[in-house]
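>>> Structure, please.
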Amino acid sequence: LPDSTPDPAVYTKVIGQSAPDPYSNWWPVANFGLRDANLSADFPTSAKIAMDRYTYEFGNHVDGVIIFTPTLIQQVLHVTGPITVPAYGEIITEQNLQARLHYYQLDNKGIRREEIIEKVEDPQVARKLFTQRVTTALLGSVTHLPINKLLPMANEMLQSMKSKDLQVYVTNPQLEALIGKYGSTASLDRSTTHDGLFIVQSNLSASKASQYVATSIKDTIALDSKGGATHNMQMTLDYQQKGDVYGLDTYRDYVRIYVPTNSQLISGNGFDQSGRPYCGDAQSNYNPCQPDVYGDRSLVCSPPIEIGPSTSYLNDPAANLADRPLDITGAPTNLQSDEAGRAMFGGWVVIPKNCTMQVTLSWYVPPMNKHTYDLLLQAQASVYAPLELTIQPASGTCAQKKALHFAAVMNGEDTNFLLERRGITCSLLTH
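Now for the predicted structure:
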């Protein structure tokens, strides 16, 4: 509410708190609260954590959780048209939505304007008041939609559930089942009957740098005669800072790759090996970083290279250093899965601004089905990553031994790839 003030009692319930097990194994901050609750790859799990934290911090119980991305609001604005916020003289469109929200939440000039317009003197209270007015105006526009726009709006909501731009969890099992039937529960797949892959990126940089990081994924899968699959994946993160990130420049991404529980890691590179410095700024006590930082094209930067400070974390060996170096990189540093029924390869990926990082990972998935190869590729909301998937059938199982290819941009929807083997022919089906 516009006249709300923060509850001082909440701070004592957040400061010094750790993330719940098993996420505490990697959670990097010396506090944990409701705002941090969306940390599980499985949305129903995150929703339950959020509900638990809400009850703990505010003493109230809720029956469900709804979260949505800015993309959903843009889709709603596409149906409703622009909305006005008279007190601020602002017209919000699907094109300028994110920029205006960032301005009023994170820019000191925008926050000061909120203080003046809303007549409050606490910037922490003021910084979300413009967002509240946008929300109120948007809800008013939606509730007064003409009949001919109701069906397009309903279609947008259903599609947004499939793309995970709208995620809904309710404690009522019948309603939750309907969500799964007509949309998506955004659950983590834990099947033992098919291969699976889910890449989860978490920007823990205390900044808005994610908007300038473009992710692309290339996975080449070689099948053996028994039906086992060897994955050779390359994930490229291109961080070109084209505007204010409202925080520290260096991007720290905690990357988790979820695969079937019996998967075997072969090799990997690109993950920060904490406490093993490699290079630094030209003015630092370390050897200066070169444009091809590690000499293998895994991290390439546009000169001049500006490492800059990055967010410190628990047990950070460089926390007190004035000049933070770049560490050497290598295989995933965390092989302890935080999700039951899934193996996990995880670790930090650290990228200075205007640099491109290539993370490589190879693993083997033992056979799960003798007659078909079935892969469920799950996608994270709002990570519109170009995907290039290649499946190489085992020698002698397909005509002319041709690899099968698929290329598209991931949009949050889960995609199933089924390779049927009939005699010496193969066909790739997607849905």
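
>>> Across the sheet, point out what pairs with Arg342.
Beta-bridge partners recorded for Arg342 (DSSP bridges): Pro260.

>>> Quickly note the distance from it to Lys353.
33 Å (CB to CB, to the nearest Å). Bear in mind the C-beta positions are built from the backbone N, C-alpha and C, glycine included.

>>> go on, Asn96?
Taking CB to CB, one finds Asn96 at 24 Å from Lys353.

>>> Pull the contacting residues for Gly140.
If you count contacts by CB atoms under 8 Å, 6 or more residues apart in numbering, Gly140 has none.

>>> for Ala209, same thing?
Contacts of Ala209 by CB under 8 Å, 6+ apart are 203, 239, 241, 245, 247, 249, 251, 353.

>>> just checking, the second one touches Glu306?
No: under the criterion of CB atoms under 8 Å, Tyr239 lies out of contact with Glu306, with a separation of 11.9 Å.

>>> who's more crowded, the two?
Comparing Tyr239 with Glu306 by other CB atoms under 10 Å, the one with more neighbours is Tyr239, at 23 against 17.

>>> Next, the distance between the ends of stretch 121-137.
24 Å (CA to CA, to the nearest Å).

>>> which stretches of the stretch 101-250 of the chain aren't confidently modelled?
Within the stretch 101-250 of the chain, no range satisfies pLDDT under 70.

>>> For it, just list every one of the strands.
With strands called from DSSP state E, counting those that start in this stretch, the stretch 101-250 of the chain shows them at 166-170, 195-203, 213-223, 229-239.

>>> and if you look at the stretch 301-431 of the chain?
326-330, 342-351, 355-365, 372-378, 386-392, 404-409, 415-422, 425-430.

>>> so how far is stretch 169-183 from its chain's centroid?
Relative to its chain's centre, stretch 169-183 lies at 23 Å (CA atoms, centre = their mean, to the nearest Å).

>>> re earlier: name the nearest of the contacts of Ala209 relative to Val383.
Asn203 (10.6 Å; CB to CB).

>>> To what extent is the residue lying closest to the closest one once chain neighbours are set aside buried, counted in neighbours?
Excluding its sequence neighbours, the residue lying closest to Asn203 (CB to CB, 6 or more residues apart in numbering) is Ser210, at 4.4 Å. Neighbours of Ser210 under the rule other CB under 10 Å: 17.

>>> Now for Ser210: which residues touch it?
Counted by CB under 8 Å, 6+ apart, Ser210 has contacts 201, 203, 251.

>>> residue contacts, Tyr254?
For Tyr254, the contact set (CB under 8 Å, 6+ apart) comprises 26, 28, 201-202, 204, 346-349.

>>> And what about it, helix, strand or coil?
With DSSP: H, G, I helix; E, B strand; the rest coil as the basis, Tyr254 sits in strand.

>>> Contacts only, for the closest residue to it other than its chain neighbours.
Distances taken as CB to CB, 6+ apart place Ser202 nearest to Tyr254, at 4.4 Å, with adjacent residues excluded. By CB under 8 Å, 6+ apart, the contact list for Ser202 reads 39, 253-256.
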